[in-house]
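> Sequence plus predicted model, see below.
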Amino acid sequence: MNPLEHELSYPLGDTLPAFGGKLEVAPGVFWLRMPLPFALDHINLWLLRDQFRGQSGWTLIDCGISSDAVRGHWDTLIAQELEGLPIVRVLCTHHHPDHVGLAGMLTERFGAPLWMTLGEYTVGRILSVIMPGSDPQATYKHYLRNGMQDSPQLDALKVRSSSHFPSLVPSMPQRFRRILDHEDIAIGERTWRVIIGTGHSHEHAALHCEAEDLLISGDMVLPRISTNVSVFDMEPEANPLTWFLDSLGRFDPCAQDTLVLPSHGRPFRGLHRRIAQLRAHHAERLAVIEAACHERPRHGAESVQIIFGREFDAHQMMFALGESLAHLHALWYDGRLRREMGADGVIRFAAV
């Protein structure tokens with residue numbers, strides 16, 4: 001959790017929309033919440049009044065996972081909160097299951113197009129059908145290369161990787177409309193500019209309305225937690241932390257008092273202060289892991305304890321190991337550590 005959260009402000013206080021309900025945060029912009037069965041127990045969705053291709057209705061930003069609970073809340077929303085109007089467009093910020101899980105159901109139900117960046121749509125399609133290279137065996141080898149030992153936890157990770165994404169995203173729409181960086185998208189009477197970020201995901205789309213100082217930040221900027229940045233098996237030499245920190249600079253043009261509508265947590269003001277907090281947080285973690293690697297070479301799995309100092313279940317361990325590797329890779333690409341494969345087949349990072 002963010003120890004400097006008091007530096008941010010929450011204009012709506014502790015008010016939250018009920019699951020299956022909506023709360024207006026700006027004229028024609030409504031906040032929805034959907035439950036998640038994880039430690040991070042909710043996602044925020046955004047419902048915007050729209051006039052799209054001659055039809056009055058709603059543009060929906062993100063969808064929630066595919067689960068009985070979320071589908072039930074959508075039934076309630078459709079029956080009671082959409083004012084008899086259809087969803088005319090579904091825009092997903094990125095491919096993670098809590099954002100795209102029900103895109104297939106909702107686009108089919110309303111005949112609405114999916115809008116998404118090419119990178120996010122493509123990766124979502126790959127993961128939803130478990131293509132070779134994103135399968136459990138590839139994941140297993142990735143964990144072994146990065147220092148995990150055969151154990152019940154590794155077994156749990158293997159089982160999880162075989163079904164996790166498809167269970168939460170049972171179908172990706174087979175067609176989409178590509179959105180591009182800096183594209184201006186008209187939604188209702190507002191124009192929103194696309195801001196692409198990388199690191200948390202491949203081609204994440206945030207939406208900025210400069211005229212009214214509104215930012216739908218997706219997962220790029222969250223008020224209470226640090227966005228996960230991970231190295232995964234499909235891209236084993238990625239440098240996501242550096243990409244993420246560089247991407248944060250793309251929000252510099254946003255006004256100081258921008259109202260940020262994040263995917264997790266409450267709407268807040270203090271965007272630039274939050275970005276400074278995130279930079280400082282990662283700088284501190286980088287210093288800790290660099291010092292540990294100067295003591296002796298370290299692999300990804302043992303770096304989890306160094307960075308986080310606690311144990312994780314299988315779901316959390318996937319992200320914790322990925323984030324530990326992201327910090328190690330940032331130091332490696334920066335020339336502050338060297339990366340080498342040992343005779344045991346494990347990758348370690350050591351002082352230059």
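Nice, I can see it. Numbering: from 1, shown residues only.

> Need the three-state assignment for the residue nearest to residue 314 when sequence neighbours are not counted.
Spatial nearest neighbour of residue 314, chain neighbours left out: residue 156 (3.7 Å); criterion: CB to CB, 6 or more residues apart in numbering. Where C-beta positions appear, they are placed from N, C-alpha and C, glycine not excepted. Assigned by DSSP: H, G, I helix; E, B strand; the rest coil, the conformation of residue 156 is helix.

> Look up how far residue 231 lies from residue 156.
Here the criterion is CB to CB, to the nearest Å. By it, residue 156 lies 20 Å from residue 231.

> out of the two, which sits in the busier spot?
Per other CB atoms under 10 Å, whichever of residue 156 and residue 231 has more neighbours is residue 231, with 24 against 15.

> Test my guess that that one contacts residue 326.
Yes - at 5.4 Å, residue 231 counts as touching residue 326 under the criterion of CB atoms under 8 Å.

> tell me, what's touching the two both at once?
Common contacts of residue 231 and residue 326 (CB atoms under 8 Å, 6 or more residues apart in numbering): 238, 240.

> Show the secondary-structure elements that the helix ranked longest in the chain is packed against.
In the chain, ranked by residue count with DSSP state H as the criterion, the top helix is helix 271-295. Under the contact criterion of 3 or more CB pairs under 8 Å, 6 or more residues apart in numbering; DSSP states H and E, helix 271-295 touches helix 240-248, helix 300-308, helix 314-333, strand 347-351.

> winner for burial among those?
helix 314-333 (a mean of 22; mean count of other CB atoms under 10 Å).

> Quick one: work out the angle between it and helix 240-248.
80 degrees (axes from the mean of the first three to the mean of the last three CA atoms, to 10 degrees).

> For whichever helix or strand comes after helix 314-333, what does the pLDDT average out to?
Where DSSP states H and E defines the elements, the next helix or strand beyond helix 314-333 is strand 337-341. Computed over strand 337-341, the mean pLDDT rounds to 98.

> buried ones in strand 337-341?
residue 337 (16 or more other CB atoms under 10 Å).

> can you check stretch 120-138 too?
Across stretch 120-138, burial judged by 16+ other CB under 10 Å covers 120-128, 130, 134, 136, 138.

> Need those residues in CSV (columns: pLDDT and secondary structure).
Below are the buried residues of stretch 120-138 laid out as CSV (pLDDT from 0 to 100; DSSP: H, G, I helix; E, B strand; the rest coil):
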residue, pLDDT, secondary structure
120, 98, helix
121, 98, helix
122, 96, helix
123, 95, helix
124, 96, helix
125, 94, helix
126, 92, helix
127, 91, helix
128, 90, helix
130, 79, coil
134, 73, coil
136, 78, helix
138, 84, helix
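
> Just say helix, strand or coil for residue 140.
Classification of residue 140 by three-state DSSP places it in helix.

> which residue sits closest to it in space, ignoring its chain neighbours?
Nearest residue to residue 140, sequence neighbours excluded (CB to CB, 6+ apart): residue 158, at 5.2 Å.

> where does the chain have low pLDDT?
Scanning the chain for pLDDT under 70 picks out 159-162.

> and the longest strand for it?
For the chain, the strand that runs over the most residues, judged by DSSP state E, is strand 42-52.

> and that strand, what other elements does it pack with?
On a contact count with 3+ CB pairs under 8 Å, 6+ apart, strand 42-52 meets strand 29-35, strand 55-61, strand 87-91, strand 184-187, strand 259-262.
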